[in-house]
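Enquirer: using only what follows, build the 3D model:
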Amino acid sequence: MISVSHESLMHATYFAPRGKKRLQLLGMHLAQRYLSPTDNLVGFIGDAGAGKSLLIRGMFPGMELTNDDEGINLRPLPLLNQFDKGHFKAHTYHLDVRFEMAFTQLWEIAEAVKEAIIQQKRVIVEHFDLLYPYLGFNAEVLIGVGEEVIITRPGVFGPESKEIADIVFNSIKYRKMAHTAEDLTAKVLMDMGLDRPQLHSDIKHGFVMEFPQKPNIDLMEVENNVKEIINENITISYHDDEHINIGKEIVFPCTGPRIHVKKTGDISGFYLLKDFKWDPLQQLYLLAGLVGTTDTQTLTFLK
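Expert: Numbers count the residues shown, from 1 in each chain. Below you'll find the predicted structure:
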């Protein structure tokens with residue numbers, strides 16, 4: 001059951017949002033818009049911590065994941081166990097190739113996936129790019145997660161998983177830098193007496209904070225204070241699902257605690273736009289921060 005919109009799709013690109021809820025909502029949207037009931041092989045590509053599992057939870061609610069992202073570790077892997085017994089009991093199976101490689105040869109995993117597809121079962125494969133050379137055929141839907149989320153329905157002539165992997169593994173650093181710089185900016189704003197910003201949106205190689213009223217602050221001072229923390233090269237680490245550690249003593253709220261650089265010194269090229277942009281449709285004041293090398297298109301848009 002392939003719709004015209006599926007047949008005509010080259011690829012679609014979305015900002016990879018911060019936060020558990022926004023990633024799961026994006027996953028729900030992708031399933032509704034791009035997934036067909038007859039898709040049996042869905043491949044995910046992206047670095048550890050990019051948010052693949054949260055997207056999967058949004059796309060396939062209720063499915064039990066088999067990797068150890070949250071301490072879950074199903075052994076033996078149901079897909080392989082039932083392949084060995086010659087009978088697949090479930091309709092949908094999840095597989096994290098990078099995790100499973102510690103226990104099983106890739107060719108054995110590929111044989112199990114092939115047989116499941118032949119028997120009209122659905123297999124959701126994380127790190128699909130690692131398995132692709134052993135499968136010999138592509139997924140019906142490929143989803144890459146880096147700074148952006150890329151979804152495509154590849155054909156015989158591509159795109160191949162390596163093309164998606166090259167994009168998302170190169171871009172994830174910008175997402176981690178932007179996410180960390182955003183939290184540091186929020187911390188500086190709170191230190192200056194403002195409430196923690198509650199509204200966020202996305203921009204390429206950066207972040208946007210939204211305010212109902214225009215804050216009365218010096219943005220050059222905010223930028224300098226953030227740069228001081230960056231230059232101190234403080235460690236950033238996961239604390240729990242709702243917080244990060246900034247250094248050893250500070251516990252700071254964060255909705256995406258796994259997507260950060262390891263040290264503030266890993267952030268390059270940070271700066272803030274020195275005036276608030278007014279959004280007349282949403283009636284909000286926008287503060288934009290950028291990291292890394294900002295592309296010409298983004299700068300033109302911001303001006």
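
Enquirer: in this structure residue 128 contacts residue 142, no?
Expert: Yes: shown here, residue 128 and residue 142 form a contact pair, counting by Cβ atoms under 8 Å, at 6.9 Å. C-beta coordinates here come from the backbone N, C-alpha and C atoms, glycine included.

Enquirer: what is in contact with these two at once?
Expert: Counting by Cβ atoms under 8 Å, 6 or more residues apart in numbering, the common neighbours of residue 128 and residue 142 are 43, 45, 161.

Enquirer: ok, now which ones touch the last one?
Expert: It refers to residue 161. Contacts of residue 161 (Cβ under 8 Å, 6+ apart): 43, 45, 128, 129, 132, 138, 139, 142.

Enquirer: nearest residue to it in space, please, no chain neighbours.
Expert: Once flanking residues are discounted, residue 161 sits nearest to residue 129: 4.0 Å by Cβ to Cβ, 6 or more residues apart in numbering.

Enquirer: A helix includes that neighbour, no?
Expert: Yes: secondary structure of residue 129 (DSSP: H, G, I helix; E, B strand; the rest coil): part of a helix.

Enquirer: if I look at it, how far off is residue 282?
Expert: With distances taken as Cβ to Cβ, to the nearest Å, residue 129 is found 38 Å from residue 282.

Enquirer: next one: residue 33
Expert: In terms of Cβ to Cβ, residue 33 sits 24 Å off from residue 282.

Enquirer: equivalent analysis for residue 34, please.
Expert: Distance of residue 34 to residue 282, given as Cβ to Cβ: 27 Å.

Enquirer: neighbour count: the two, which is higher?
Expert: residue 34 (20 against 12; other Cβ atoms under 10 Å).

Enquirer: just confirm that one contacts residue 11, I think it does.
Expert: No: with contact defined as Cβ under 8 Å, residue 34 does not count as touching residue 11 (10.1 Å).

Enquirer: okay, and the common contacts of those two?
Expert: With Cβ under 8 Å, 6+ apart, residue 34 and residue 11 have common neighbours residue 151.
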